[in-house]
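Peer 1: Please find the sequence and the predicted model below.
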There are 2 protein chains.
Amino acid sequence: MSPVPMYEVIYGDLLSQIKAGALAPGDRLPSEPTLASQYGVSRMTVRQALDQLEAEHVVVRRRGSGTYVAQPSSTYRRMNRLGSFGEEMGVSEVSTEMKFQGAVVAPDEVRTRLGLKPRQKATRLLRVRLVSGSPAAVQESWLPYSLAPQLAREELVGGSLYRTLFERWGVKLKWAEQTISAVAADAERAGWLGVAQGSPLIWITRVAFADDGTPIELAHSWTRPEFPLLARLET
Amino acid sequence: MSPVPMYEVIYGDLLSQIKAGALAPGDRLPSEPTLASQYGVSRMTVRQALDQLEAEHVVVRRRGSGTYVAQPSSTYRRMNRLGSFGEEMGVSEVSTEMKFQGAVVAPDEVRTRLGLKPRQKATRLLRVRLVSGSPAAVQESWLPYSLAPQLAREELVGGSLYRTLFERWGVKLKWAEQTISAVAADAERAGWLGVAQGSPLIWITRVAFADDGTPIELAHSWTRPEFPLLARLET
DNA sequence: GAGTGGTCTAGACCACATG
DNA sequence: ATGTGGTCTAGACCACTCA
């Protein structure tokens, strides 16, 4: 058997066509029997691919009618999926100012959340994110130093921590737990973000995990309220 | 064919057993072939039930090993699912002070978001939510008046707007789009919530939809930062 | 090596939507 | 009436885990 399952191939094909615009919102996809014969697979296999697209709201199915490319639900991007800051911001132009990058002894909170031993080192990244040139968020990330020592020195691949972890160290983050709250800007962050001290910021604390459940990253972010999170909730 | 599909029966059975504690976190479920013969169905049908449980993180599958009841991921409750305020808060004791309940001409924002015609009326509910007796959030809900006129007068079923909509009017909310931001408390909300004016609050704007896509509710909520949102993100 | 979940087949009947 | 997606069967081979 091919290393990649057929239903993932079909899933990928359809997703590409939709992203490329070959299949526009509202368009009907080929029927399940049609796809099955096109790909030379059984209908159950086609359904596995469509199940996945449906779960991600890329398509909607209507019994007796067909499967259609979903309307891009006006809002909701970001959130629900774990992605890089750039991806979360969508098409906007994102740049980064690195304020600190190095290895330090992990403070208690970091030790606890990442499961490090006392006096174990951690890599700390402190970044200011700019959207279209104006400051939008401060991000402070902590990772076990031993996981990727060069991370404390080298430049990030494409400015993305997650990409660097994956491409240089083979570390793939699988899921994250976030708490979202609000906090008043302290003097330092207010300065970086260009807001008044004491003004409200969106404060997110995130722990990201590898597929085996190992905690990899503890991150705090402080975002200006002009850049809200968008989320879609299901019943 | 039975009105309820077999895979839903199996799904429900397993979920009940897990919720009741007959299957505890970490326990292994019967294997797929075992379940198939127990229910007298094919293995593919069993897999449909398990697929659903897995997608909801109720179970985890390990190839070559078995399917296990998931560990209740310490944190993450709330968010990701659309539920009542009480459910979101988990087991905590929740009470409500109704500050306003009535029908008014819909302001522009409400008209736009709910798709109402000019001068059409809307029901406005303004509530302060208390957790264990101390104020946690202010919620302002707007609904089309014509949808459920009595809503402007009657008491809510079990103090829950969503339960009232469903049990008294048969309206079932299917999904919602939320934007989450932060905002400084104004004088009125600061007073209700017992915080200083200007202190940061979590500010959520939500539009909830029925299964046919009709917008049913526009809600704003202002929550004290001591009650953060918890969310789980997937890759 | 035995058992598990992952993938896949080649059919089938059904409920439903649309022309 | 035709075609669609929803459900289901009774097998199969595979990759993987674990004793």
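Peer 2: Arrived safely.

Peer 1: Which strands or helices does the biggest helix by length in chain A pack on?
Peer 2: Ranked by residue count and defined by DSSP state H, the top helix of chain A is helix A:6-20. Counting contacts by 3 or more Cβ pairs under 8 Å, 6 or more residues apart in numbering or on different chains; DSSP states H and E, helix A:6-20 is packed against helix A:32-39, helix A:43-55. Placement of C-beta: from N, CA and C, glycine included.

Peer 1: For A:Gly64, give its distance to DNA strand D.
Peer 2: Per Cβ to the nearest atom of the strand, to the nearest Å, A:Gly64 is found 3 Å from DNA strand D.

Peer 1: In three-state terms, label that residue for me.
Peer 2: coil (DSSP: H, G, I helix; E, B strand; the rest coil).

Peer 1: residue contacts, it?
Peer 2: Listed by Cβ atoms under 8 Å, 6 or more residues apart in numbering or on different chains, A:Gly64 has no contact partners.

Peer 1: Tell me, how many residues neighbour A:Met44?
Peer 2: 11 (other Cβ atoms under 10 Å in any protein chain shown).

Peer 1: Name the nearest residue to it, sequence neighbours excluded.
Peer 2: In this structure, A:Met44 finds its nearest non-sequential neighbour in B:Met44, 7.2 Å apart by Cβ to Cβ, 6 or more residues apart in numbering or on different chains.

Peer 1: Is any residue of the longest helix of chain A near DNA strand D?
Peer 2: No. Against DNA strand D, helix A:6-20 shows no contacts by Cβ under 7 Å from any atom of the strand, the least distance being 11.6 Å.

Peer 1: Any part of that helix near DNA strand C?
Peer 2: Yes. Part of helix A:6-20 sits near DNA strand C under the criterion Cβ under 7 Å from any atom of the strand, namely A:Met6, A:Tyr7.

Peer 1: Can you get me the centre-to-centre distance for stretch A:101-110 and its chain?
Peer 2: 23 Å (Cα atoms, centre = their mean, to the nearest Å).

Peer 1: Any chance you could list what contacts that stretch?
Peer 2: Contacts for stretch A:101-110 (Cβ under 8 Å, 6+ apart): A:114, A:116, A:119-126, A:142, A:145, A:149, A:152-153, A:218.

Peer 1: how about the residues of chain A near DNA strand D?
Peer 2: A:1, A:29, A:31-34, A:43-44, A:47, A:50, A:61-67.

Peer 1: Who does A:Thr205 form a beta bridge with?
Peer 2: Taking DSSP bridges as the rule, A:Thr205 bridges to A:Thr179, A:His220.

Peer 1: I figured it was touching A:Trp222, is that so?
Peer 2: No. Contact criterion Cβ atoms under 8 Å: A:Thr205 and A:Trp222 do not qualify, at 10.4 Å.

Peer 1: Compare neighbour counts for those two and give me the winner.
Peer 2: Between A:Thr205 and A:Trp222, counting by other Cβ under 10 Å, A:Trp222 is the more crowded of the two (23 against 16).

Peer 1: what helices or strands is the helix or strand where that one lies leaning on?
Peer 2: Using DSSP states H and E, A:Trp222 sits within strand A:215-223. Secondary-structure packing of strand A:215-223 (3+ Cβ pairs under 8 Å, 6+ apart): helix A:108-114, strand A:134-144, strand A:173-184, strand A:200-210.

Peer 1: possible to save those as TSV with mean pLDDT?
Peer 2: Below are these laid out as TSV (pLDDT from 0 to 100):
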stretch	mean pLDDT
helix A:108-114	94
strand A:134-144	95
strand A:173-184	92
strand A:200-210	94
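
Peer 1: Rebuild the ones you listed as TSV, extending it with distance to A:Lys19.
Peer 2: Converted to TSV, the helices and strands packed on strand A:215-223 look like this (distance: least, Cβ to Cβ, whole Å):
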stretch	distance to A:Lys19
helix A:108-114	35
strand A:134-144	25
strand A:173-184	22
strand A:200-210	25
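
Peer 1: mind checking which of those is nearest B:Tyr11?
Peer 2: strand A:173-184 (22.5 Å; Cβ to Cβ).

Peer 1: Not counting its neighbours along the chain, what's nearest the most centrally placed residue in chain A?
Peer 2: Central residue of chain A (Cα atoms, centre = their mean): A:Gly83, 1.0 Å from the mean position. Distances taken as Cβ to Cβ, 6+ apart place A:Tyr162 nearest to A:Gly83, at 7.6 Å, with adjacent residues excluded.

Peer 1: Near the one you found, how many other residues are there?
Peer 2: 23.

Peer 1: Now do it, the pLDDT please.
Peer 2: The pLDDT attached to A:Tyr162 in the predicted structure is 89.

Peer 1: Quick check: it vs A:Leu116, distance?
Peer 2: 20 Å (Cβ to Cβ, to the nearest Å).

Peer 1: So for stretch A:47-55, mean pLDDT?
Peer 2: Stretch A:47-55 comes out at a mean pLDDT of 94.

Peer 1: For it, output the C-alpha coordinates as CSV.
Peer 2: What follows is stretch A:47-55, C-alpha atoms only, in CSV (Å, rounded to 0.1, in the frame of the first residue of the first chain):
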residue,chain,number,x,y,z
ARG,A,47,-16.5,9.2,2.0
GLN,A,48,-13.6,9.1,4.4
ALA,A,49,-12.1,12.1,2.5
LEU,A,50,-15.4,13.9,2.4
ASP,A,51,-16.0,13.2,6.1
GLN,A,52,-12.8,15.1,6.9
LEU,A,53,-13.7,18.0,4.7
GLU,A,54,-17.1,18.2,6.2
ALA,A,55,-15.8,18.1,9.8
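
Peer 1: Please enumerate residues in contact with it?
Peer 2: Contacts of stretch A:47-55 (Cβ under 8 Å, 6+ apart): A:7-8, A:10-11, A:14-15, A:29, A:32, A:35, A:59-61, A:67, B:51, B:55.

Peer 1: Report the angle between whichever strand or helix holds A:Arg124 and strand A:134-144.
Peer 2: Taking DSSP H and E as the criterion, A:Arg124 maps to strand A:121-131. For strand A:121-131 against strand A:134-144, the angle by axes from the mean of the first three to the mean of the last three Cα atoms, to 10 degrees is 160 degrees.

Peer 1: strand partners of strand A:121-131, parallel vs antiparallel please.
Peer 2: By DSSP bridges, strand A:121-131 pairs with strand A:94-105 (antiparallel), strand A:134-144 (antiparallel).

Peer 1: Now do it: distance to the chain's middle.
Peer 2: 16 Å.

Peer 1: pLDDT (mean, whole number) over it?
Peer 2: Averaged across strand A:121-131, pLDDT comes to 95.

Peer 1: Now that strand - C-alpha only, CSV.
Peer 2: Extracted in CSV, the C-alpha atoms of strand A:121-131 (Å, rounded to 0.1, in the frame of the first residue of the first chain):
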residue,chain,number,x,y,z
LYS,A,121,17.4,25.6,31.5
ALA,A,122,14.7,26.9,29.1
THR,A,123,14.8,28.8,25.9
ARG,A,124,13.0,32.1,26.1
LEU,A,125,11.8,34.0,23.1
LEU,A,126,10.3,37.4,23.5
ARG,A,127,8.8,38.9,20.3
VAL,A,128,6.7,41.8,19.3
ARG,A,129,4.4,41.1,16.4
LEU,A,130,3.6,43.8,13.9
VAL,A,131,0.6,43.7,11.5
